[in-house]
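> predicted model and sequence follow; I will ask about them next.
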Amino acid sequence: MKNNIFKLSIAALVALSAAQFTPTFAESFNITTAKGEVSIAQVPQKIAAFDVAVIDNLDAVGVKPAGILNGLYVDYLDHVSASGAAKLGTFFEPDFEALNALAPDMIIVATRSAKYLEEMAKIAPAIDLTSEWKGFMQASIDAFKQTAKLVGKTAEADVLVAKLEASADKLRGIVKDKGKTLIIMTNGPKISAFGSGSRFGWVHDDLGIVPAIDDVEAVTHGEAVTHEFVLNANPDWLIVVDRSAAIGQDGSAKATLDNELIAKTTAWQKGQVIYVNSATWYISGNGIQAMQASIDELTTAYSK
């Protein structure tokens, strides 16, 4: 009898040990990508990220990519560049040899790198997390949430989204009676304007900042305009993105706008010209950290 009890006890211990040390495998789950619903077998542990906003989103929830772009341009992600992650080429010229050598279990493309989705999918599972300009803020939040779901960080993401939405609400209240704003981007001596529905149109569409003009063509690099155009629009506020500075070249926006016609605008005369962090706006603008930084930047400027 005692021998049987002993045998049963041993069997129970073995069963308990098996329960404690046998790995459990989570069920697969779906995430929404730019190409539709995708089934994910398990949370990826070795991610290759080919978009700065995607890297922004991963970093925001504490996930370190195993492979990244050669250059990220935005200084708030310098620690990611210096993290030892494999360098996998550029937006437009991925290093497929380095990607093969890395052997990731997930590849993420978006926006500039999205066209390489099919080619990268031959190496490892790949998804496209591009978010559209239309409904920019919500689309970007949705892409962030899907990124967080992919890496099992939904609780962390919810906190950051709540903070972003509260900041946006605060800014809407601040700008309510501040007049009209024109968004322009300089590229050397050239000037482009952006309005609702454009690359930077979320400033108007999502943040309640009234546009100085209504009929700007919504194209990638804005509608080419002249100094006379800016004067005729005569904005109360001028938001300036310097593309040269954004891509690591010498900035020239202030020199380009140092013109007697611009000097006649209400924005210039009242000192209401906002030179934003161009790399954040132009390179990683739809990342959760980039959006938060941009809203904080505008809140400070419009509160003066």
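Looks like it arrived, so ask away.

> distance between stretch 116-133 and the chain's centre?
Offset of stretch 116-133 from its chain centre (CA atoms, centre = their mean, to the nearest Å): 16 Å.

> what's it in contact with?
Stretch 116-133 is contacted by residues 31, 33-35, 38, 40, 44, 48, 50-51, 53-54, 94, 96, 99-100, 103-111, 114, 139-140, 142-143, 146-147, 150, 197-199, 201-202, 218, 286 when judged by CB atoms under 8 Å, 6 or more residues apart in numbering. No exception for glycine: its C-beta is placed from N, CA and C like everyone else's.

> could you rerun that using 6 Å?
Residues outside stretch 116-133 that contact it (CB atoms under 6 Å, 6 or more residues apart in numbering) are 33-35, 38, 54, 94, 99-100, 104, 106-111, 114, 139-140, 143, 199, 286.

> just the buried ones from the residues you listed?
Burial by neighbour count, 16 or more other CB atoms under 10 Å: within these this picks out 33-34, 38, 54, 94, 99, 104, 106-111, 114, 139-140, 143, 199, 286.

> mark which of these are part of strands, please.
Judged by DSSP state E, the buried ones among the contacts of stretch 116-133 include Thr33, Val38, Met106, Ile107, Ile108, Val109 as members of strands.

> for Ser303, state which of those residues is nearest.
Ile108 (36.2 Å; CB to CB).

> dig out what the closest one forms beta bridges with.
With DSSP bridges as the criterion, Ile108 is bridged to Ala49, Ile127.

> which ones are touching it?
Contacts of Ile108 (CB under 6 Å, 6+ apart): Ala49, Val54, Ile127, Leu129.

> any idea how many residues pack against the nearest residue to Thr280 once chain neighbours are set aside?
Closest residue to Thr280 in three dimensions, ignoring its sequence neighbours and counting by CB to CB, 6 or more residues apart in numbering: Ala290, at 4.9 Å. Residues lying near Ala290 (other CB atoms under 10 Å) number 26.

> helix/strand/coil for Ala290?
With DSSP: H, G, I helix; E, B strand; the rest coil as the basis, Ala290 sits in helix.

> just checking, it touches Ser284?
Yes: counting by CB atoms under 6 Å, Ala290 touches Ser284, with 4.3 Å between them.

> ok, back up a step: can I get the ones in strands among the buried ones among the contacts of stretch 116-133 in CSV with distance to Ile123 and pLDDT?
As requested, those are exported to CSV (distance: CB to CB, whole Å; pLDDT from 0 to 100):
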residue, distance to Ile123, pLDDT
Thr33, 17, 97
Val38, 16, 96
Met106, 11, 98
Ile107, 7, 98
Ile108, 13, 98
Val109, 12, 98
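
> sort out which one of those residues lies nearest Ala246 for me.
Val109 (20.7 Å).

> state the distance from the residue lying closest to the closest one once chain neighbours are set aside to Pro211.
Leaving aside its sequence neighbours, Val109 sits nearest to Phe50 (CB to CB, 6+ apart; 4.8 Å). Note on Phe50: its distance to Pro211, by CB to CB, to the nearest Å, is 33 Å.
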